[in-house]
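> Compute the structure for the input listed below.
(chains A and B)
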Number of protein chains: 2
Amino acid sequence: MAAIVILGAGVMGTAFSVLLADCGHKVFLVGTHLDKDLIQGIREHGTHAKLKVRLPDGVAPFTHDQLGEVLSNPPDLIVFGVNSAGVEWATDQLTNYLQASVPILMLTKGLAVKDDTICILPDIVRRRWTGHGLQVGGVAGPCIAGELAARRDSSMVITHPDAALRDWLVRLVNASYCHARPSQDIVGVEACAALKNFYALGVGFANGLLTVKGPAENGALMNNVAAGLFVEAVREIRYLIDFLGGDPASVYGLAGVGDLYVTCQAGRNSRMGKLLGTGLPYSEAKAKHMPDETIEGAELALAIGATFQRLLEQRQIARAQLPLAITLLDAVCRDQAVQIPWNRFYTAP
Amino acid sequence: MAAIVILGAGVMGTAFSVLLADCGHKVFLVGTHLDKDLIQGIREHGTHAKLKVRLPDGVAPFTHDQLGEVLSNPPDLIVFGVNSAGVEWATDQLTNYLQASVPILMLTKGLAVKDDTICILPDIVRRRWTGHGLQVGGVAGPCIAGELAARRDSSMVITHPDAALRDWLVRLVNASYCHARPSQDIVGVEACAALKNFYALGVGFANGLLTVKGPAENGALMNNVAAGLFVEAVREIRYLIDFLGGDPASVYGLAGVGDLYVTCQAGRNSRMGKLLGTGLPYSEAKAKHMPDETIEGAELALAIGATFQRLLEQRQIARAQLPLAITLLDAVCRDQAVQIPWNRFYTAP
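Numbering: from 1, shown residues only, chains lettered A, B, ... in the order given. Alright, predicted model coming up:
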C-alpha cells in the first residue's frame, strides 16, 4: 500500500483517486482553491459533483489550505491533477511544503513556452522546482475520466525517467479494469497527450461542415472528411514529436492514435472544433457558446501560438509539414475562418 | 479524357463512376449478374437505387452480357468494383474478352489464400490472368461510397506497380472534392484496406458491451474501451503488413488509421462487431440480425481463418502479437463468445 497525494480535485484527479483507492492505496485528494465546493460536496455526500461517482473509503478529501498538514508526512507519490494553467502554482505549493524529494506523476496535459521554445509540462515543473532533485513522469492514454471512475476498461501509458519507478507506477494501478503500460518516451507521450486536444479541434471541423451543409440528399454525412482530418492530425503530431525530441513512434500507440480517437468522439475540444467548422470565428464561438468552459486544445494554441509562428519563420519547423496546425492556429489566435487546406495534406514524411 | 470500364455496379463501383465522370472521363458501368435491377433502375430513372444519387451523363450503364461489346474497343483502364467473392469471376470475364493488356485498378478489398498462404487480391488477379502481362493496382482510403458519390471531400490512396501509371491514375481523379495520393506499397495498402473491415468488428465490441451494461450511473459510456481496441487493431495490422511483405508504415496513413477510423464510425462491420460484443455467437448474430448482408470483415475471417491458424501453429506469425485477431477468428470461425484479452494487448513491437 502506498500513500499518495493528488493535487487537484477536478474530474481527472478524482477519477485517478478512485483507481488508486481501488488498488488498495491511501489517497489524499487535495483540492485547489477552485475546488472548494467539490471538496465540500465530497465531505457532505461522499460523491464528486462533476464526476458523479461515490468515492471509495480509501480517498480522503482535503482543501488546499490543508496541504502543509497533508505533506507533513512525505507521501510515496504526488500526482498533479491540476489543469495546465495551475502547474506552476502547484509546483510552488510543493516547494513550500516538501522537505524531501518525492516522485511526481502528472495527469495535467499541455505544452508551454520556456526560453523561447516549446516544451512539455514535466520540464516546466522540473525547472521551477527549487528543492531537491526531482523526477517527473506522466500518465496519458485514451482515458475519459468519467469512464475510468465508473470502472470501465481503460488503457493508459505511464512514463517516468527512472525505469524502476516506472515499473512500480505501472504495478500501482493494477486494477482489473485498468490496462497500464510503461513507456520511456516522456517527451513523445506528453506531446501526444497535449496535441491530441489541439488536433481534436481540427477533426471536429467535419461536424461543423455537416451542421452547415446537412446530410446530402442520399443521406451522406461527413465521415470521409473526419477521417482525412484524423490522418493529417496523426501525421503532424508525429512530425512535432520528432521536432520536440521525442520518439515519433509514440503517436501510433495509446497516447497518440488511442487518445486522439477517444477525444474526437466527444468532449469540449470536439465541440469547439465543430463550431469553428461552421465558419464561426473563435472569439465568437467561445463567447457565445462556451464562455465558461476551458478548451484545452485552444488554450494550447494560445500558449504556444506566437512561439510556433517564430519557429515557422525561422524554418525550425516546416510550413509544408503542418498545414492543419497552421489552420488551427490561424483560427484560434487570429480569429480566421476555417478553410481546410486539403491540397496540402498528406505530405510524405 | 479516358475511356474507363467499371466492372460491378454496387455502391463503390458506382460512386467511383460518378467521380470519374465528374473528371470528364467516359465511363462504362457494367453490372454483374447480381446487379441487373440496379442497372435497370439507372436506365429507367438515371439513379442508383442503393447509392441514391443521379448519375452524370458521362456514365453509361450496361448489363453483364454486354461486356464483350463494351470491351470490343479496349478501354484505357478497367476498374474492379465487384465484391471480394467476385474477383475470380471478373478476372475470367476479362480473359474471355480482352485481347490486349489494359491496366487494372481494384476497388475490391480482401485477402485470399493461394498456395497455402495469405495474399492480397491483386495477386489473385495477376495469377489467374491468362492473357498478356498484367499490372494491377488498387484504390484504398477513408472513402464511404455514399459520401464520395455526394461529392463530399474524400481522401484516397492509389497504388500501382508502374510509377508512371500510378501518377496518371492520381491525375485521373482530380476532382475538387477528391484528395488522392500515390503509394508504391501495394501490399501494405491492400492489406490495410482488407484488414480494417476485420478489425472494425473488434472495435465494435465496445458498442456491444455498452448495449449489455448500459451507460454507468454517472453517464459513462465505453469510449475508452473502443479507443483501446482501436490502438490494438492498428498495432496488429502493422504486424500483419510486415508479415505479408508490405511497408508497415502504410498503416499510419489514409489506408490504415484513416480507413479504420471511418469504418469504426458506421457500417456493417461495426454493427456485426457490436452484436458479437453483446456475447452473441457469430452464427446466431448473422442468422438473426444480418442474414442478407455481406459482412466483409467476417468474410475475410472465414476466407483466411484456417490458413491463419496454420501460420500460428507453425510460428510463422506470433500468437503474442495477435490477441485481437485470434479473438475475432475464434468468434467468427468457431462461434466462441467474445472476451477481450486486455492483458495481452499493446505488446511492444
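> C-alpha only now, for contacts and for neighbours.
Fine.
> model confidence over the longest helix seen in chain A, on average?
When chain A is parsed with DSSP state H, its longest helix is helix A:186-213. Across helix A:186-213, pLDDT averages out at 98.
> close to chain B, is it?
No. Helix A:186-213 is not in contact with chain B by CA under 8 Å from any CA of the partner chain; minimum separation 9.9 Å.
> List the buried residues of that helix.
Residues of helix A:186-213 classed as buried: A:186-211 (neighbour count, 16 or more other CA atoms under 10 Å in any protein chain shown).
> Could you do stretch A:278-293 as well?
A:278-283, A:285-286.
> Can you narrow the residues you listed down to the ones near chain B?
Okay, of the buried residues of stretch A:278-293, nothing touches chain B (CA under 8 Å from any CA).
> taking the residues you listed one by one, which sit in helices?
A:282-283, A:285-286.
> Show me what the longest helix of chain A is packed against.
Helix A:186-213 is packed against strand A:117-120, strand A:136-140, strand A:154-159, helix A:223-244, helix A:259-265, helix A:268-277, helix A:296-313, helix A:323-334, with contacts defined by 3 or more CA pairs under 8 Å, 6 or more residues apart in numbering or on different chains; DSSP states H and E.
> Let's have the ones you listed in JSON lines, adding mean pLDDT.
Shown next, in JSON lines, are the helices and strands packed on helix A:186-213 (pLDDT from 0 to 100):
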{"stretch": "strand A:117-120", "mean pLDDT": "94"}
{"stretch": "strand A:136-140", "mean pLDDT": "96"}
{"stretch": "strand A:154-159", "mean pLDDT": "98"}
{"stretch": "helix A:223-244", "mean pLDDT": "98"}
{"stretch": "helix A:259-265", "mean pLDDT": "96"}
{"stretch": "helix A:268-277", "mean pLDDT": "97"}
{"stretch": "helix A:296-313", "mean pLDDT": "96"}
{"stretch": "helix A:323-334", "mean pLDDT": "98"}
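> For residue B:143, which of the ones you listed is the nearest?
With CA to CA as the measure, helix A:223-244 is the member of the helices and strands packed on helix A:186-213 nearest residue B:143 (5.5 Å).
> Determine if any part of that closest one is in contact with chain B.
Yes. Applying CA under 8 Å from any CA, one finds helix A:223-244 in contact with chain B at A:223-228, A:230-231, A:234-235.
> That helix - contacts with which helices or strands?
The contact analysis (3+ CA pairs under 8 Å, 6+ apart) places helix A:223-244 against helix A:186-213, helix A:323-334, strand B:154-159, helix B:259-265.
> Would you mind naming what in the stretch 201-349 of chain A lies close to chain B?
A:216-228, A:230-231, A:234-235, A:252-254, A:257-259, A:261-262, A:265, A:342-343, A:346.
> and the residue lying closest to residue A:342 once chain neighbours are set aside, what is it in contact with?
Nearest-residue entry for residue A:342: residue B:179, 6.9 Å, with adjacent residues in sequence omitted and distances by CA to CA, 6 or more residues apart in numbering or on different chains. Counting by CA atoms under 8 Å, 6 or more residues apart in numbering or on different chains, residue B:179 touches A:342-343, B:153-156.
> now do residue A:239
If you count contacts by CA under 8 Å, 6+ apart, then residue A:239 has A:248, A:321 around it.
> Can you tell me which of the residues of helix A:223-244 next to chain B is nearest residue A:170?
residue A:234 (26.2 Å).
> tell me, how many neighbours does that closest one end up with?
23 (other CA atoms under 10 Å in any protein chain shown).
> Any chance of the helices and strands packed on helix A:223-244 in JSON lines with distance to residue B:332 as columns?
Below are those laid out as JSON lines (distance: least, CA to CA, whole Å):
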{"stretch": "helix A:186-213", "distance to residue B:332": "33"}
{"stretch": "helix A:323-334", "distance to residue B:332": "40"}
{"stretch": "strand B:154-159", "distance to residue B:332": "29"}
{"stretch": "helix B:259-265", "distance to residue B:332": "18"}
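> now for the ones you listed, which one comes closest to residue B:95?
That would be strand B:154-159 among the helices and strands packed on helix A:223-244, by CA to CA, at 22.5 Å.
> now check the very next helix or strand once past the closest one, is it near chain A?
Note on strand B:154-159: by DSSP states H and E, the next helix or strand toward the C-terminus is helix B:163-172. No. Judged by CA under 8 Å from any CA, helix B:163-172 makes no contact with chain A; its nearest approach is 12.9 Å.
> contacting residues around helix B:163-172?
So helix B:163-172 is contacted by B:20, B:23, B:158-160, B:180-184 (CA under 8 Å, 6+ apart).
> what about the nearest residue in space to residue A:139 that is not next to it in sequence, neighbour count?
Spatially, and ignoring its direct neighbours in sequence, residue A:139 is nearest to residue A:158 (4.7 Å; CA to CA, 6+ apart). Residue A:158 has 26 neighbouring residues, counting by other CA under 10 Å.
> likewise residue A:247?
17.
> can I assume residue A:102 is in contact with residue A:79?
No. Checked against CA atoms under 8 Å, the pair residue A:102 and residue A:79 is beyond contact range at 10.2 Å.
> and those two? which has more neighbours close in?
Counted by other CA under 10 Å, residue A:102 and residue A:79 do not tie: residue A:79 has more neighbours, with 24 against 18.
> any idea which element that one lies in?
Secondary structure assigned from DSSP H and E places residue A:79 in strand A:77-80.
> Give the pairing partners of that strand; include direction for each.
Next to strand A:77-80 in the sheet, as set by DSSP bridges, lie strand A:3-7 (parallel), strand A:104-106 (parallel).
> now that strand: how far from the chain's centre is it?
The chain centre lies 15 Å from the centre of strand A:77-80; the measure is CA atoms, centre = their mean, to the nearest Å.
> Now do it, average pLDDT.
Throughout strand A:77-80, pLDDT has a mean value of 96.
> Now the element after it, going C-ward?
Per DSSP H and E, the first helix or strand lying C-terminal to strand A:77-80 is helix A:87-97.
> hang on, the earlier thing: out of the contacts of helix B:163-172, which comes closest to chain A?
The shortest approach to chain A among the contacts of helix B:163-172 belongs to residue B:181, at 7.7 Å (CA to the nearest CA).
> Name the SS class of the closest one, please.
Three-state call for residue B:181 (DSSP: H, G, I helix; E, B strand; the rest coil): strand.
> Check residue A:102 too.
Applying three-state DSSP to residue A:102 yields a three-state assignment of coil.
> thinking again about what came up before, please save the CA atoms from the strand holding residue A:79 in PDB.
Only the C-alpha atoms of strand A:77-80 are listed here, as PDB (Å, rounded to 0.1, in the frame of the first residue of the first chain):
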ATOM      1  CA  LEU A  77       3.900   9.700  -4.700                       C
ATOM      2  CA  ILE A  78       2.400  13.100  -5.700                       C
ATOM      3  CA  VAL A  79       0.000  13.200  -8.600                       C
ATOM      4  CA  PHE A  80      -0.600  16.500 -10.400                       C
END
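> for chain B, what are the nearby residues on the stretch 1-150 of chain A?
Residues of the stretch 1-150 of chain A lying near chain B (CA under 8 Å from any CA): A:51-53, A:142-144, A:146-147, A:150.
> Just among these, which is most surrounded?
Among the residues of the stretch 1-150 of chain A next to chain B, residue A:143 has the most neighbours (other CA under 10 Å), with 30 neighbours.
> Who are the contact partners of that one?
Counting by CA under 8 Å, 6+ apart, residue A:143 has contacts A:154-156, A:259, A:262, B:224.
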